[in-house]
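1. What would the 3D arrangement of this be:
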Amino acid sequence: MMLSPLAKRSLSRAQWLALALKESWFLLSPLAALLAYGLSVVDMAIILFAHLSVGQNLAFALPGRFVGSRERRTRVTQTLSDMGLAGFHERDPATLSGGQRARVSLMRTLLAEPQALLLDEPFFKLDAALRKQVRAYVFAQITRQRMPMLLVTHDPADVPPAGRVIEISDGAA
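-> Numbers count the residues shown, from 1 in each chain. This next block holds a predicted model:
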């Protein structure tokens with residue numbers, strides 16, 4: 001879109017941002033494009049917002065139907081408890097172990113209630129006992145939400161019950 005110099009001067013910051021995003025959508029990460037379609041991705045690069053507490057990271061993902069700070073906090077607190085992280089609401093993400101960060105990342109994704117989910121080795125940072133517990137929780141949430149999921153893994157135990165498997169080796173399916 002071409003704008004005259006006069007039109008450019010009259011744009012607000014929000015309009016500039018909207019225009020920049022509209023005109024440069026193809027420069028955004030492919031993952032950002034997936035998010036625009038209601039898809040969530042959890043990959044091996046566990047990324048949490050460093051400037052937010054663990055609880056705030058989770059609350060950030062909650063859909064708009066959770067209104068009011070009490071309702072949002074209750075939902076986050078219950079989710080933390082379900083994943084064995086009760087009392088972690090105010091913790092700084094930088095103080096978490098790799099396994100704790102992986103659980104928070106998974107929880108945040110599930111709390112967002114996406115239309116579909118892509119998981120790339122989501123359980124790899126977890127020890128064997130915790131891996132089994134987290135798998136069960138994640139698969140229960142996915143089943144409850146009736147969410148389609150694509151899981152990339154090297155561990156056959158990661159395949160959910162009744163999951164369909166496509167095995168790829170040497171580049172052939």
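2. Every contact and neighbour count from this point should use C-alpha atoms.
-> Will do.
3. wait, residue 153 sits on residue 121?
-> Yes. Taking C-alpha atoms under 8 Å as the definition, residue 153 is a contact partner of residue 121 at 5.0 Å.
4. Give me the secondary structure label for residue 134.
-> Under DSSP: H, G, I helix; E, B strand; the rest coil, residue 134 falls in the helix class.
5. Can you get me a residue count around residue 160?
-> Using other C-alpha atoms under 10 Å, the number of residues around residue 160 comes to 17.
6. Can you check the pLDDT for it?
-> Turning to residue 160, the model gives it a pLDDT of 83.
7. in which helix or strand would I find the spatially closest residue to it that is not a sequence neighbour?
-> In space, not counting the residues next to it along the chain, residue 160 is nearest to residue 139; the distance is 6.5 Å by C-alpha to C-alpha, 6 or more residues apart in numbering. Remark: residue 139 resides in helix 128-144, with elements defined by DSSP states H and E.
8. any idea of the mean pLDDT in that helix?
-> Rounded to a whole number, the mean pLDDT of helix 128-144 is 90.
9. Which secondary structure elements does that helix sit against?
-> Identification of packing neighbours for helix 128-144 by 3 or more C-alpha pairs under 8 Å, 6 or more residues apart in numbering; DSSP states H and E yields helix 98-111.
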